[in-house]
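1. Sharing a model prediction with you, sequence too.
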Amino acid sequence: MIPEILSFQNTKCECGHQNPVGTVLCEACGKPISKEDQESDKLLEMRYDGMARRSQRSAPNIIDRVWNFFSSVKIAVYMIIFTLVGSMLGTIFPQESTFLNIDAATYYPETYGTAGSIYYKLGLSHTYESWWFVLLLVMIGASLVICSLDRVLPLYKALSKRKIRKHLQFLTRQKVVYQTRVNDDEGIWINNIVPALKKKGYRVHTDGSALLAEKYRFSRWGPYILHIGLIIFLLAVLARGLPGLNMDQHLAFPEGEIKPIPNTSYFLKNEKFTVEYYTEDDLPEEFKGKGKILPKLFRTQATLYECTADCKDPSKEPKLVEVDSHPIEVNDPLNYKGLKAYQFDYDTNPILRSVTPALIEKKTGKNIGEFKLDIRNPERSYQVGEYTLNLVEKYMDFGMNDLGEPVSISPNPNAPSFLFLIKGPNLPVQGVQYFYFPKQIDKQRFQQDIINEKLAGTNNLFELDVQGMNNVDFSMSTSYLNIRVDKVMPFVWLGSAIGMLGLVFGFYWQHRRIWIRIDEGALTLAAHTNKNWFGIRKEITVILQKVNIEVDEKSLDNGGNQV
Amino acid sequence: MTLLDFSSMFFTIAFLVYGVAFILYGVAVMGRVWRNRDPDQHMKKWGKVSFLVSTLGLVAHLIYFFTRWSGAGHIPVSNMFEFMSTLSMMIMIAFTVIFIIYRKTLLGLFAVPIAIIIMAYAAVFPQEAQPLIPSLQSWWLQVHVTMAALGESFFAIGFAGGFMYLLRTVDFNSKNKSDRRQQRGVEFTLLSIVVVIGFIASVYAFRVGGYESVFTQEQAVNAQGDKTIARVEYNLPPIVAPYQSEVESFQSFLGIDKPLFEAPSWMVGINAGRKLNTIIWSVLAGLILYALIRLILRKPLGRAIHPLLKGLDADDLDEITYRTIAIGFPIFTLGALIFAMMWAQIAWGRFWGWDPKEVWALITWLFYSVYLHLRLSRGWQGKKSAWLAVLGFMIVMFTLVGVNLVIAGLHSYAGTN
């Protein structure tokens, strides 16, 4: 308690101003507060203009301690360094997130040996999602808030509560000092220098034989504006983790198909996918004739629909309304009310969409009739002439399981196959089973004819045959689009913009102050800036020239190494 | 003559003019002690001449840049050659800006060679102008890459200033422990520069000699065990062969007719072996070059350069270094982070994806923000601050070159050697 009382007594300055505990320089006249400092002739500590900060309270409680921790620049620097080193570690091997499907536990040891195994076990294979990394970012955020509050309020007070006539010691212990004798009347001399200062953009305040000129004070707020921007940015990034604010899915869109976008009421149709390559003429001489292929364009002509009714009911066709249409290219996504579709990947392997086979009587070769078979959405039964074909089973990717039973090994239409029950004249009442492979290659690979002979025996009288390529409908390519919703993006950009503004204010302008006082003909000029001392010395030289005082720039330097 | 040939010609002209400017800066600085002259007058006169010449070089460089832009139909920053030549041009722009503010002739003696080295490094890479792949076809290519390069160029000048500060202030005669450490630090920095020169020199030497050896390596394509044969050409004699590779052709060098080592198994891919080989060659060539210079000078390089900076005001250097970084920091933030995020958002659908290049840009930014905090709030000035400026530029160069060489990732189309 005693030091507190003592310091309390000591904070009252001789100019009569009562300063808060922790003040270094009197808020009003700038005289150093501590006795020790008064006797020194070193340069003054001008940080925050010598104001007391909350973090400098004596006898701190728990909240004060937390505050002090986060308000320390030293701690902030450590946190930045830890983040920096953590980020470095994360780039040693590729992160898990760069792969679509891997088993990280086996991938890292297999690919990178022991080092990979250690890397995985330390959790560095997902550095940027790890708890400690996120914690560091949160702590930096806390530090940004508290550091700024701790300093910006005292600084604001210091810059607004000012006496024009500063204590002599405050002036002589600045980094830029000039002293001389003047013979004119003090008031007149002061008035004479005012136009020169104003011409350089200073705002000038006079008080008899004392003067304060100041410009670009807003530059002092630069770092705090930057910090506000960073806080908004960090909050926006953290908010992305909240449900509903962020959607990210990769979907395949075969050409010509309308597909629903899961978890939304939208449907998207890939009208046409185009990939173009540079021709030989476009390539430089050195590449010609080397078979080098360079893509020029990936484009999905897309149409976006919004579903208005019957969206979830599988038995009904959803009612769609076209809402947007856009040629999606790599640097040009579709954007509809925050839903974005990006060109991500493509596949030019054609996919069978439908076939129109004919029912043929084998013995005579007679064409009984044709029907259109939609590969993905076949109908339950087809009527062809006098014959009925009931669909018993469909396999999108035909294969056999361990028991030798036919199964679909994937939902992708790689090897589609259909089992029909044919009924009609000349056939048994219960019908005849018939396996149909629309793709010629599958027909041979899975031996369609042999299967059907076994199934039907002597009743194997019919076959399905696609007569010519015009009866086959392919989707020529598939475009993979990345569908995203990112509702926090405006805040990310807002934070970036504010931060950038702060950087520009803080770094491209400098807060400059010049004080002058004349005591019985002895003129003392002092100046302070937060950066670019070179610039302020030069400026003062020019200003002094206007009142016929020649000084060497360098002689204004009062020594020391203060920024 | 096509526009692209015209452009290449100006690239060479710029390079040669920079070389002359470098010599002139040398004359301006070292000629101070020549007989029959007033040192200040000499410095003033030759400083003007040198600045005029280096500015002429920059003009030629700008002609190269814009004619190539017009000839290729896109801004020349799309591959490693184009990027590095643009970076060296930006360094000269940053130097010119800082020179106009501070008028320190000596800065030219350090800044111009940085631009020359980076330009020579650019010329190591294939120089054809090739059309843009879809992901680069964007207006953002222009603003992102140029702004990032300009910010980094100010850091390069900050490096020059910081390093000059160290060369000026480190006590090269002291046996004191901390001074010894600083001497070693200065020497290491110089050695690193010599290694880069060694790399460039060995690439050119073997290119002139037309050296080539070829290796093949079987690579698994899928889990079913299907394999393809990858092929790699070495343009430097193979000290290290790719892991489990076969020699397709081998041109013997100094009687060595097979590779001495094989790359370790964790170096995946056939190019990893080639890159390792390049690194070994650079270090070897650099060390030999360094040894030769030491033999000629008969003292550490730092101590030999130290007297050149005599009479230079250390505080001014400190101020220039800080100011340069302070000018570069917002530009870097805008170009390398904010514009990068905006472009990534449009091209890839996410503004940030922890791609190695992105992470290293962030590391650079964090590093310089540490520099600024330490300087502004904790009073780190003089040597400490100068060391950070030197280290910072090494991080910048790792981001630009090292990441492509060692880590790759999404920016790998920038090409590496």
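-> Perfect, thanks for sending it. Source: prediction; values computed, not measured.

2. Doesn't A:Glu463 belong to a strand?
-> Yes - checked against DSSP: H, G, I helix; E, B strand; the rest coil, A:Glu463 lies within a strand.

3. Enumerate every residue touching it.
-> A:359-360, A:362, A:434, A:452 (CB atoms under 8 Å, 6 or more residues apart in numbering or on different chains). C-beta coordinates here come from the backbone N, C-alpha and C atoms, glycine included.

4. Go again with 10 Å.
-> Listed by CB atoms under 10 Å, 6 or more residues apart in numbering or on different chains, the contact set of A:Glu463 reads A:357-362, A:434, A:436, A:448-449, A:452.

5. Return the member of those nearest to chain B.
-> A:Gln448 (26.0 Å; CB to the nearest CB).

6. Setting aside sequence neighbours, what's the nearest residue to the closest one?
-> Distances taken as CB to CB, 6 or more residues apart in numbering or on different chains place A:Phe437 nearest to A:Gln448, at 5.1 Å, with adjacent residues excluded.

7. mind checking how far the one you found is from A:Ala158?
-> Distance of A:Phe437 to A:Ala158, given as CB to CB, to the nearest Å: 85 Å.

8. Can you give the domain ranges for chain A?
-> Annotated domains of chain A cover A:53-158, A:165-216+A:510-556, A:246-350+A:478-486, A:364-460 [the TED database].

9. out of those, nearest to B:Ser192?
-> Taking CB to CB, domain A:53-158 is the member of these nearest to B:Ser192, at 18.6 Å.

10. Next SSE downstream of the lowest-mean-pLDDT helix or strand in chain A?
-> Least confident helix or strand of chain A, by mean pLDDT, DSSP states H and E, is helix A:2-10 with a mean of 47. Downstream of helix A:2-10, the next assigned helix or strand under DSSP states H and E is helix A:35-39.

11. and the very next helix or strand once past that following helix with chain B, contact?
-> Remark: after helix A:35-39, the chain's next helix or strand is helix A:62-71, criterion DSSP H and E. No - using CB under 10 Å from any CB of the partner chain, helix A:62-71 stays clear of chain B, coming no nearer than 11.1 Å.

12. From A:Lys487, how far off is A:Gly244?
-> 8 Å.

13. Compare these two (neighbour count), which wins?
-> Using other CB atoms under 10 Å in any protein chain shown, the more surrounded residue of A:Gly244 and A:Lys487 is A:Lys487, with 15 against 8.

14. so who does the more buried one touch?
-> Shown in contact with A:Lys487 (CB under 10 Å, 6+ apart): A:236, A:239-240, A:242, A:244-247, A:338.

15. Tell me which strands the helix or strand encompassing A:Ala302 pairs with, and in which orientation.
-> Per DSSP H and E: A:Ala302 is located in strand A:295-309. The strands beside strand A:295-309 in its sheet (DSSP bridges) come out as strand A:266-277 (antiparallel), strand A:319-329 (antiparallel).

16. where exactly do the strands run in chain B?
-> B:213-220, B:227-234, B:240-241, B:245-249, B:261-262 (DSSP state E).

17. from these, which stretch is densest packed?
-> strand B:240-241 (a mean of 24; mean count of other CB atoms under 10 Å in any protein chain shown).

18. thinking in terms of the whole chain, how far from its middle is the strand holding A:Ala302?
-> How far strand A:295-309 lies from its chain's middle: 24 Å, per CA atoms, centre = their mean, to the nearest Å.

19. which residues touch the closest residue to B:Ser135 other than its chain neighbours?
-> Of all residues not flanking B:Ser135 in the chain, A:Val330 sits nearest, at 5.1 Å (CB to CB, 6+ apart). For A:Val330, the contacting residues are A:295, A:297-299, A:342-344, B:133-138, B:346-348, by CB under 10 Å, 6+ apart.

20. now, which of those sits nearest B:Phe206?
-> Using CB to CB, B:Ile133 is the member of these that sits closest to B:Phe206, with 29.9 Å.

21. Can you report how many residues neighbour the spatially closest residue to the closest one that is not a sequence neighbour?
-> Nearest non-adjacent residue to B:Ile133, counting by CB to CB, 6+ apart: A:Pro295, 5.8 Å away. The number of residues packed near A:Pro295 is 16, by other CB under 10 Å.

22. rewinding a little: need the domains of chain A in TSV (columns: distance to B:Gly402 and mean pLDDT).
-> Shown next, in TSV, are these (distance: least, CB to CB, whole Å; pLDDT from 0 to 100):
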stretch	distance to B:Gly402	mean pLDDT
domain A:53-158	10	85
domain A:165-216+A:510-556	31	87
domain A:246-350+A:478-486	27	84
domain A:364-460	42	83
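
23. what sits against A:Arg513?
-> The neighbourhood of A:Arg513, defined by CB under 10 Å, 6+ apart, consists of A:46, A:49, A:159, A:162, A:166, A:174, A:202, A:212-217, A:526-530, A:536.
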